[in-house]
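>>> no sequence for this one, just the structure:
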């Protein structure tokens with residue numbers, strides 16, 4: 001049994017050395033070169049069309065959600081705000097972008113008020129139902145309306161992960177929900193360096 005443990009440890013050590021030299025070791029899933037989620041073209045809460053090009057020079061974290069979300073959305077946006085603090089001065093080089101999957105309820109004024117809870121520089125995007133569906137499809141994001149318990153109420157089921165772009169506007173990472181602020185901060189440090 002001891003010999004097996006030693007062999008497994010040696011194999012793990014050898015495999016750890018197999019990572020390509022110079023390639024960053026991210027905590028999130030490295031999706032560099034993916035042929036989806038390359039860009040978005042949606043209006044912000046002021047009606048101005050936005051795309052990834054608007055944030056050149058910043059690492060961008062894109063998250064799909066909705067303002068009535070009880071847990072996943074505020075947790076993720078709070079993590080992004082925490083990441084900005086953890087990065088100190090480099091936190092100004094991180095842009096949080098929230099794309100609503102509930103444009104029916106998430107009117108511009110509500111989006112502005114909601115985003116102010118996380119930081120003055122967070123951006124919320126709100127397309128038409130058709131625009132939202134097209135962007136979500138391009139990002140491989142699932143969402144759907146689900147009826148609530150009270151008559152006429154509903155909630156949105158949706159993918160709970162984020163997409164991370166480097167300062168050159170290239171898609172780099174897929175960060176799963178619950179990864180934690182420190183892990184995301186570590187990954188963003190690597191992207192901001194490169």
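On my side now, so go ahead. What you are looking at is a predicted structure, and each value in this text was computed from that prediction instead of being measured.
>>> residues in contact with the most centrally placed residue in the chain?
Centroid-nearest residue in the chain: residue 162, 2.3 Å away (criterion: CA atoms, centre = their mean). Residue 162 makes contact with 61, 62, 63, 76, 80, 174, 175, 177, 184, according to CB atoms under 8 Å, 6 or more residues apart in numbering. Where you see a C-beta, it was placed from the backbone N, CA and C, and this is true even at glycine.
>>> same question, residue 189
Counting by CB under 8 Å, 6+ apart, residue 189 has contacts 87, 90.
>>> Tell me the spacing between it and residue 44.
27 Å (CB to CB, to the nearest Å).
>>> What's the per-residue pLDDT of the residue nearest to the centre of the chain here?
Per-residue pLDDT puts residue 162 at 97.
>>> Among the contacts of residue 162, which are located in strands?
61, 62, 63, 174, 175 (DSSP state E).
>>> Is the fourth one bridged to anything, and to what?
Just to be clear, that refers to residue 174. residue 29, residue 163 (DSSP bridges).
>>> who's in contact with it?
Contact analysis of residue 174 by CB under 8 Å, 6+ apart lists 28, 29, 31, 161, 162, 163, 164.
>>> The third one contacts residue 173, correct?
Translated: residue 31. Yes: if you go by CB atoms under 8 Å, residue 31 and residue 173 touch, sitting 6.4 Å apart.
>>> Which of the two has more residues huddled nearby?
residue 173 (25 against 16; other CB atoms under 10 Å).
>>> do you know how far the more buried one is from residue 92?
From residue 173 to residue 92 the distance is 20 Å (CB to CB).
>>> residue ranges with poor pLDDT in this structure?
Scanning the chain for pLDDT under 70 picks out 1-22.
>>> Can you list the residue ranges for strands in it?
Per DSSP E, the chain carries strands over the ranges 29-30, 42-43, 49-50, 59-65, 94-100, 123-125, 143-147, 154-158, 162-165, 171-175.
>>> Which among those strands is found nearest to residue 111?
Closest of the strands of the chain to residue 111 is strand 123-125, at 4.0 Å (criterion: CB to CB).
>>> who touches residue 31 in this structure?
37, 171, 172, 173, 174.
>>> For the residue nearest to residue 43 when sequence neighbours are not counted, give me its contacts.
Distances taken as CB to CB, 6 or more residues apart in numbering put residue 49 closest to residue 43, at 5.6 Å, once the chain neighbours are dropped. Residues in contact with residue 49 (CB under 8 Å, 6+ apart) are 41, 42, 43.
>>> Could you verify my assumption that the second one touches residue 50?
Yes: Residue 42 lies in contact with residue 50 (CB under 8 Å); the separation is 6.2 Å.
>>> Now do the shared contacts for the two.
Common contact partners of residue 42 and residue 50 (CB under 8 Å, 6+ apart): residue 125.
>>> Out of the contacts of residue 31, flag the one nearest to residue 130.
residue 37 (18.4 Å).
>>> State the number of residues packed around that closest one.
Around residue 37 there are 18 residues (other CB under 10 Å).
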